[in-house]
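1. Kindly generate the corresponding structure for this input.
(chains A, B and C)
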Amino acid sequence: MNALEVKNLTKTFEVGKSLFTKGQGVKAVRGMSFDVRDGETLGIVGESGCGKSTLARMLVGLLPPSEGEIQIEGKVQDKASPREFGQMIQYVFQDPISSLNPRKTIREIMETPLKRLHGMGKAERNKRISEIFASVNLRDEFLTRYPHEFSGGQAQRIGIARALAAAARILILDEPVSALDVSVQAQVLNLLADLKKEFGLTYLFISHDLAVVEAVSDRVMVLYFGAIVEVGPADAIFKHAKHPYTKLLADSAPVVGRSLEAPKQKADELPDPLNPPKGCPFAKRCIYATDICTTTDPALTEMGDDHFAACHNPIKG
Amino acid sequence: MIQFFKLLFRNRLAGLGAVVLSVIVLLALFTPLLPLPNPNITATGDRFLPPFSEGHLLGTDHLGRDLLSRLMWGTRLSLAVGAAAALIAAFIGSTIGIVAGFLGGRTDNVIMRLVDMLMAFPYILLALAIVAALGPGLINALFAVAAVNIPFFARNIRGVTVGLANKEFVDAARLSGMSNLQIILFEILPNVLPVIVIAMSTTVGWMILETAGLSFLGLGSQPPQADLGSMLGEARAALITSPHTSIVPGIMIFLIVMSINLLGDGVRDAIDPRLKSGALSRPLPATIVERDSTPPVPSDDLLALQDLRTEFHVGDRTYKAVGGVSLKVNKGECLGIIGESGSGKSVTALSVMGLVASPPGKIVGGAVSFQGHDLVGASYDELRELRGDRVAYIFQDPLSTLHPLYKVGDQLIEAMQAHRKMPEKEARARAVELLESVRIPNAARRVDNYPHEMSGGMRQRVSIAMALANEPDVIIADEPTTALDVTVQAQILTLLDDLRRERDLAIVFITHDFGVVAQLCDRVAVMYAGRIVEEGPTAAILDDPQHPYTKRLMACVPELGGGKRELHAIPGLPPAVDRLPQGCAFAPRCNFAQDVCKQGDIELEANGDRAVRCLFPDKVSQTEVTS
Amino acid sequence: MAAYILKRLISAIPVLFGITLIVFLIMAMIPGDPATAILGAYATPENVAKINKDLGLDAPLFQRYFIWLGNMLTGDFGRSYSLNRPVLDEILDRFSATLILAGTSFVLCALIGILAGVISAARQYGWADKAITFTVLIGISIPSFFLGMVMILIFAVRLRWFPVSGMYAIYGGGDLPDLLNHLVMPAIALAAVATGVVARMSRSAMLEVLRQDYIRTARAKGVHERKVILGHALKSAMVTIIPVLGIQAGFVLSGAVYIEMVFQWPGVGRMLVDAILKRDILLVQGGVVFVAACYVLFNIVVDVAQSLLDPRIKS
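-> Next up is the predicted model:
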């Protein structure tokens, strides 16, 4: 069974709306369909403006989708309700400090999901908190402190602990290490890997850092301009990219031992969301683009073993 | 809480305000118990007695009433009415603000439009209209003053609430199963309360003034009852003949309002966390220099840092951000400085041209020698002439480092004209040329853009063009690509590399990314806890790191192409630079560390073209990293 | 630019309607028979009949509002019963006096306040900063009506530098020097508080801006410090200061009510207070709407100035 199934998920924001004028619809997420398999880590990469945060917020029920369907563990979620979603799917935020209320103790923060989602009594809560804290390598004495007393890495552990407290089996990790120092990132990534094994979790790992995504994911999904351009196994998607955008990303990442040369592209500006192009949104930048690319938006098609891309002129090999 | 009062009373003026205000409030509270004559007993025979008359310490008013007694009762009334108005306004206004800010959308829109309309009145007009409708009287004046201050609270608190409602912890609370009402009460309110307290402490003085004002106009308290305002109003007729009847209540209002203002400022400063770190100080034009030792002799290199030490003094703490750094860079060379946040790499870069924010920053030792001159001891004018002319900077986030209100062309022109006279037309042509040289398409048109009209990559190109404007000898680039997307980063790095080769530039490139260093830099220095731990040619260091920190840092960063794998994390945290351990700063996290590592200073030992600050480099070099 | 001004003007229309509605609703709170309440002491039977006819007071509330609004739009603000002349004529006469007083004070508070704030920030913790901070503290704590009275005692009664009160000398006055002579004290007394507030806000705005990254960039370019402060920093700080000026204009207008009382200045504020005490409701209603409308228009000027300064606003 799939942990998560998403069908034609779309989010349109209205911008420029005032009391008198009707706003213009801007699609932040343009009809995404994908599955997340039970127990896997699905990496999601994309640059700013690709819609990854909007997608994540819809998946946890913080934002109602404009169209489409979300199915969590076989159950269709017809209305966005963080309370209902929260027992099945949880969120770990990018900025660990601002995801903790500065005026609450860590114990109060940890107790909330146990009390509100699971209605546990006091003794039971304390026991559970101790268990969770042990599994994220935090000491119980931290519970009486306030968030500002912690380093970024510790705060992120607390954020993870809170997500675990809700006892959800799917976690959305939204850039969970990008606010952390390099030497601390690995600690948190390894902790996440251990927790996944221990509790049989499923992860959606969102990041802009290709190397990190590759290192932690089973499959990777590449987003561009609110749509999926490529999904495939983590060990193949960057090495044997089918979509020119994925290749551009992979070639742009600075790698020791590769000479410095900006990969070729025709332009470097994203399409205007207020005035989306007809056809493939990447066509303007793409060196492989042909006539059809400017008229028809390509659909996601299978192009290899468990490997899909949305491109009229996929890269061979 | 104890800390709050400590902070509050460290501010002596706030302490003074608190003392004056408490005396006045206490006196007002105990007025009924004091042996004062009845304030409303008239004695026409004793009209306008001067102060210090027998039985009337402050004299009497136009009806022969005891001024001291009237003053005390009036103060009591004024304080009560002002405080009540403040409480009413704060409660209603804050409730409106929180609801509007939290719910957002249409509710917010409608409420805020109403508030805007109320704020479209000069406040007294609204108060006058309310009093006109309800009729003169103290309670009506109180309502009027409270009502006209509601929009102020509503708007302020709404602003704060909107900021909080978008915070991630509110999302987290939703996902933890809290309802909107619970979130407002338990998540938002505790964070808004300090703001409400600040807003009240800054407005309660105003409200006392405003109610006094309405009474002064004869629209507030009605005779014989008197608050301070109506005392002043009644005394006005006799201003010239018996000024003391006016001056006594006037000075009391002044004292009350001033002590409240002093205390309010103190409260605001004590609550505002930015002040605790001394961050509200304005940075001086150049970093303060207080060297505690004789500076070294300047070197012949193009740019050399010699045992440079920069510290931040905050309160009684000293942060040794840069603890003795020596580096050099020559023509056509690219030197990378790599380190984590807090390693001192940016402060090192900013120290070169005295750009470290000061206070609290201070250069306390060493030298920066540029073409044989020591810049650390240089005057501001000397520094200014070199800044941007011989040594130019590129900073991290181009949106915050370009001035938002000037066109990019004007910012380029200014960079040139700061150093040489140049006719406007020529400067503009040169600005276009510069934009072309950093490959900005349509440069002639782009020159009239404001920064916000450009993408992040384009803005960073403008920053680079600005650094090139005077054909400098050295460019110091402080994480210039960290804020950019990866495809844009590749372009900017390539551009920098090309420019350096074309123009024989010396570049100091600060980053936390080994991939970037590997591609761009000839030599690299690795910083940890304010010091260089290893330095040498990039290839040599990447191939064979000899400092355990370098080695482990490289191992814990995944590199593209490695597939799914376990990472070799470094245990522990970097030390805080205000509490550096004895000996090697990395020793507590190092698995090679011996007792000797934790004693005494360890030198940066040179070995050929490399240098390493470690007692056991060979052992490090030969051992594989395992977790 | 023209498009922006037009947009702002159009958006002011609902605000102006809102103002009239708020004033109307407040006045509708008057208990009892509206005609009698409006006329107060002047409630003779024929006056009551006239008011009822003028305002259609037997009509439902919202209908009455539109009748009143329609009359105002044609310039008919009604007739003041205490002065026995059209409300609008009286307002126009009085408003020019207020405008002279408040306008002068506003210019004073803007110029001196910003200057003091900039100096204070540029010399943070220096003696100039301390002196300014202290003066500002006194300025914002002293009630303007009390300050006016103290000034009269010192400069008019004791030193005899300026006349005690009024706008023109009763005999032989009426020219500009006479006006200025009368204007000095009330204008300064009225400006004191606003100047203090503007100085404070300018100081903190400057301090905030001086910590921004683009100031460091300007310094890194080698721009001279004077230009950094007066160019880069002040320009950005003005983005914060201009709205404060807009609000302070409202405070100056408000304070004018007190100052006009203290100095017997024949302005609209004194007219309003007199009208309230005499229960001349039509005069109050008209005066409030008129002044508030002027203030709304003034705020459009402020917004336009802001948009000229900050290119991010228009887009």
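2. got the contact list for stretch B:29-46?
-> Contact with stretch B:29-46 is made by B:27, B:55-56, B:60, B:63-66, B:68-70, B:72-76, B:224-226, as judged by Cβ atoms under 8 Å, 6 or more residues apart in numbering or on different chains. Glycine gets a C-beta too; all of them are placed from N, C-alpha and C.
3. out of those residues, which are inside helices?
-> Judged by DSSP state H, helices contain the following of the contacts of stretch B:29-46: B:27, B:68-70, B:72-76.
4. Of the residues you listed, select the buried ones using a PyMOL command.
-> To isolate the buried ones among these in PyMOL, judged by 16 or more other Cβ atoms under 10 Å in any protein chain shown, type:
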select buried, chain B and resi 68+69+70+72+73+74+75+76
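5. In CSV: the ones in helices among the contacts of stretch B:29-46, plus pLDDT and distance to chain C.
-> As requested, those are arranged in CSV below (pLDDT from 0 to 100; distance: Cβ to the nearest Cβ, whole Å):
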residue, pLDDT, distance to chain C
B:27, 92, 19
B:68, 90, 19
B:69, 90, 21
B:70, 90, 16
B:72, 92, 18
B:73, 93, 19
B:74, 92, 14
B:75, 94, 14
B:76, 93, 18
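6. got CSV for the ones in helices among the contacts of stretch B:29-46, with distance to residue C:114 too?
-> Formatted as CSV, the entries for these read as follows, by distance: Cβ to Cβ, whole Å:
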residue, distance to residue C:114
B:27, 40
B:68, 43
B:69, 45
B:70, 41
B:72, 41
B:73, 42
B:74, 37
B:75, 36
B:76, 39
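7. Is it possible to get CSV of the ones in helices among the contacts of stretch B:29-46 that adds distance to chain A?
-> Supplementary listing: the ones in helices among the contacts of stretch B:29-46 in CSV, determined by distance: Cβ to the nearest Cβ, whole Å:
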residue, distance to chain A
B:27, 36
B:68, 46
B:69, 46
B:70, 45
B:72, 40
B:73, 41
B:74, 40
B:75, 36
B:76, 36
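8. hang on, residue B:483 packs against residue B:455?
-> No: between residue B:483 and residue B:455 there is no contact, the gap being 11.8 Å when judged by Cβ atoms under 8 Å.
9. what about the strands in the chain?
-> Went with chain A since none was named. Taking DSSP state E as the criterion, chain A carries its strands at A:2-15, A:24-37, A:41-45, A:67-72, A:75-77, A:89-92, A:170-174, A:202-207, A:219-224, A:227-233, A:301-304, A:307-309.
10. wait, chain C
-> Residue ranges of the strands in chain C, as given by DSSP E, are C:79-80, C:85-86.
11. Quickly, which of the ones you listed bottoms out on average pLDDT?
-> Set side by side, the strands of chain C give their lowest mean pLDDT on strand C:79-80, at a mean of 82.
12. Could you give the separation of that strand from the chain centroid?
-> Distance of strand C:79-80 from the chain centroid (Cα atoms, centre = their mean, to the nearest Å) equals 24 Å.
13. what about it and chain B, any contact?
-> No: applying Cβ under 8 Å from any Cβ of the partner chain, one finds that strand C:79-80 is not in contact with chain B, the shortest distance being 13.6 Å.
14. pLDDT value on the closest residue to chain C within the stretch 451-600 of chain B, please?
-> Residue nearest to chain C within the stretch 451-600 of chain B: residue B:452 (5.3 Å; Cβ to the nearest Cβ). Model confidence at residue B:452, expressed as pLDDT, equals 91.
15. With residue B:279 instead?
-> Residue B:279 is assigned a pLDDT of 50 by the prediction.
16. try residue B:424
-> What the model reports as pLDDT for residue B:424 is 93.
17. which ones are touching it?
-> Counting by Cβ under 8 Å, 6+ apart, residue B:424 has contacts residue B:413.
18. Same question for the one 4 residues further on.
-> For residue B:428, the contacting residues are B:409, B:413, B:447, taking Cβ under 8 Å, 6+ apart as the criterion.
19. quick one: the strands in chain B?
-> B:288-289, B:303-314, B:317-329, B:334-338, B:361-370, B:373-374, B:391-394, B:474-478, B:506-511, B:523-528, B:531-537, B:605-607, B:610-612.
20. so the fifth one versus strand B:317-329, what angle?
-> Meaning strand B:361-370. Angle of strand B:361-370 versus strand B:317-329, following axes from the mean of the first three to the mean of the last three Cα atoms, to 10 degrees, is 10 degrees.
21. which strands and helices sit next to strand B:361-370?
-> When contacts are defined as 3 or more Cβ pairs under 8 Å, 6 or more residues apart in numbering or on different chains; DSSP states H and E, strand B:361-370 packs onto strand B:288-289, strand B:303-314, strand B:317-329, helix B:345-351.
22. and of the strands of chain B, who's closest to residue B:420?
-> Minimum separation from residue B:420 across the strands of chain B (Cβ to Cβ) falls at strand B:391-394, 14.6 Å.
23. which other residues reach that closest one?
-> By Cβ under 8 Å, 6+ apart, the list of residues contacting strand B:391-394 reads B:303, B:349, B:352-353, B:355, B:370, B:460, B:463-464, B:466-470, B:472-478, B:480, C:217, C:220-221.
24. Just give the closest residue to residue B:121, not the sequence neighbours.
-> Setting aside the residues directly before and after it, residue B:121 is nearest to residue C:292 in space (Cβ to Cβ, 6 or more residues apart in numbering or on different chains), at 4.9 Å.
25. ugh, typo on my part, it should be residue C:295
-> Using Cβ to Cβ, 6+ apart and skipping residues adjacent in sequence, the residue nearest residue C:295 is residue B:122, 5.4 Å away.
26. Pull the contacting residues for that neighbour.
-> Residue B:122 sits in contact with C:249-251, C:253-254, C:291-292, C:295, where contact means Cβ under 8 Å, 6+ apart.
27. got the contact list for residue B:338?
-> Each residue near residue B:338 by Cβ under 8 Å, 6+ apart is listed here: B:345, B:510-514, B:517, B:524-527.
28. May I see these organised as TSV, with neighbour count, distance to residue B:586 and pLDDT added?
-> Compiled in TSV, those are given as follows (neighbours: other Cβ atoms under 10 Å in any protein chain shown; distance: Cβ to Cβ, whole Å; pLDDT from 0 to 100):
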residue	neighbour count	distance to residue B:586	pLDDT
B:345	29	16	93
B:510	26	20	95
B:511	24	20	93
B:512	20	16	90
B:513	20	20	89
B:514	24	17	89
B:517	26	19	92
B:524	26	17	96
B:525	27	15	96
B:526	28	11	96
B:527	27	11	96
